[in-house]
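Colleague: Make a model of this:
(one chain, ligands or ions: 1)
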Amino acid sequence: MPAPLEDVADALRRMMDLLLRVDDDPALGHITSELHAVSDLLEAEFDDERPFDKMLHSDAPRHDPVSGVENAIAPPIVVEVDSDGTAHAEVDFGLPYQGPKGLLHGGISALFLDHVLSLANSNNRSGVDNGFLVTAQLSLRYHKPVPLFERATVSARQTSIDGRKVRAAGEISVGGEVAVSAEGLFIATRIRPADVPGDKGGA
Ligand SMILES: CCCCC/C=C\C/C=C\C/C=C\C/C=C\CCCC(=O)SCCNC(=O)CCNC(=O)[C@H](O)C(C)(C)COP(=O)(O)OP(=O)(O)OC[C@H]1O[C@@H](n2cnc3c(N)ncnc32)[C@H](O)[C@@H]1OP(=O)(O)O
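Modeller: Residues are numbered from 1 along each chain as shown. Here you go, the predicted structure:
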């Protein structure tokens with residue numbers, strides 16, 4: 001099935017990457033005008049004053065900055081969950097995620113680990129209260145830098161359930177070695193999906 005919005009997001013990803021490769025040059029002025037013209041076209045496509053309502057009505061997250069196929073900030077990663085509950089995804093981080101020269105920004109590591117820990121939990125909710133599982137605490141340890149342009153694996157697994165509190169742990173590995181490890185505490189909110197009109201769940 002054609003997915004025009006995914007295609008547009010993909011085109012935008014390409015542009016963001018290219019923008020980080022070109023030198024500052026007055027000749028880029030016409031690019032600015034062209035981009036504004038494209039944005040004007042997009043602006044004419046929606047009239048929703050609260051566009052975040054869109055995410056509440058989707059079956060699967062498509063908007064988020066990690067695996068959201070409609071979000072140009074996301075690479076996006078594809079998270080798979082094994083039969084033992086381990087969630088994992090492979091990713092080659094590129095220039096938009098750079099912190100130190102040639103290396104992944106530490107905050108991006110936190111973002112990706114938060115997301116994959118969260119998915120390890122939301123795929124294993126038996127015995128957990130039916131609220132939204134939100135991150136309450138995330139603790140990271142940076143062991144080694146994560147190089148850009150190399151295959152990294154982000155993986156996570158649930159470690160315990162204690163009433164509304166669910167814990168998960170995970171890591172970003174490169175070449176089989178752990179570069180960043182994380183432990184997270186997730187808490188089921190007292191607000192439940194049924195309390196949010198039109199919500200189909202999701203976290
Ligand atoms: C709220 C609505 C959420 C709506 C979500 C909607 C849709 C989602 C749809 C799609 C999702 C798509 C993609 C998502 C993918 C990944 C997402 C990544 C995860 C996130 O990006 S998610 C956002 C960031 N996250 C937050 O935005 C949380 C803000 N926060 C709160 O919402 C509250 O703060 C909360 C609920 C955490 C607790 O509030 P509360 O009032 O329910 O807590 P309460 O007092 O009842 O405590 C009960 C027991 O937890 C202990 N406890 C409480 N807080 C603690 C803490 N921080 N650290 C350690 N322990 C804590 C107490 O000490 C007590 O322990 P004990 O039982 O032993 O006494």
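
Colleague: The spatially most central residue of the chain and Ala169: what is the separation?
Modeller: The centre of the chain sits closest to Val66, judged by C-alpha atoms, centre = their mean, with a distance of 1.6 Å. Distance of Val66 to Ala169, computed by C-beta to C-beta, to the nearest Å: 18 Å. In short, each C-beta sits where N, CA and C put it, glycine included.

Colleague: that older thread, looking at the residue nearest to the centre of the chain now. What's its pLDDT?
Modeller: If you check Val66, the pLDDT there is 97.

Colleague: quick one: contacts for it?
Modeller: Neighbouring residues of Val66 by C-beta atoms under 8 Å, 6 or more residues apart in numbering: Ala74, Pro75, Pro76, Ile77, Leu111, Phe112, His115, Val116.

Colleague: Cross-check the contact I'm expecting between the third one and His63.
Modeller: Pointing back at Pro76 there. No - using C-beta atoms under 8 Å, Pro76 makes no contact with His63, being 10.4 Å away.

Colleague: Neighbour count for those two, which is higher?
Modeller: Pro76 (23 against 17; other C-beta atoms under 10 Å).

Colleague: any idea of the pLDDT on that one?
Modeller: pLDDT, read off for Pro76, is 96.

Colleague: now do the one 3 residues further on
Modeller: Reading off the per-residue confidence, Val79 sits at a pLDDT of 95.

Colleague: does the nearest residue to it once chain neighbours are set aside sit in a helix, a strand or a coil?
Modeller: Distances taken as C-beta to C-beta, 6 or more residues apart in numbering place Ala89 nearest to Val79, at 4.5 Å, with adjacent residues excluded. Under DSSP: H, G, I helix; E, B strand; the rest coil, Ala89 falls in the strand class.

Colleague: Find the helix or strand that Met16 is a member of.
Modeller: Assigned by DSSP states H and E, Met16 belongs to helix 4-19.

Colleague: And for Val134?
Modeller: Using DSSP H and E, Val134 falls within strand 133-142.

Colleague: what does the average pLDDT come to for that strand?
Modeller: Averaging pLDDT along strand 133-142 yields 97.

Colleague: Equivalent analysis for stretch 29-49, please.
Modeller: For stretch 29-49, the mean per-residue pLDDT is 88.

Colleague: what separates that stretch from the chain centre, distance-wise?
Modeller: Relative to the centre of its chain, stretch 29-49 is centred 25 Å away, using C-alpha atoms, centre = their mean, to the nearest Å.

Colleague: same deal with stretch 6-14?
Modeller: Relative to its parent chain, stretch 6-14 has a centroid offset of 16 Å by C-alpha atoms, centre = their mean.

Colleague: got the buried residues for that stretch?
Modeller: Neighbour counts over stretch 6-14 (16 or more other C-beta atoms under 10 Å) mark Ala9, Arg13 as buried.

Colleague: Following element in sequence after the strand holding Val134, please.
Modeller: In N-to-C order, the element after strand 133-142 by DSSP H and E is strand 151-162.

Colleague: roughly how far apart are Asp17 and Ala44?
Modeller: According to C-beta to C-beta, Asp17 and Ala44 sit 27 Å apart.

Colleague: residue boundaries of the strands in the chain?
Modeller: In the chain, the segments counted as strands under DSSP state E are 80-81, 87-92, 133-142, 151-162, 165-174, 177-188.

Colleague: No more questions from me, cheers.
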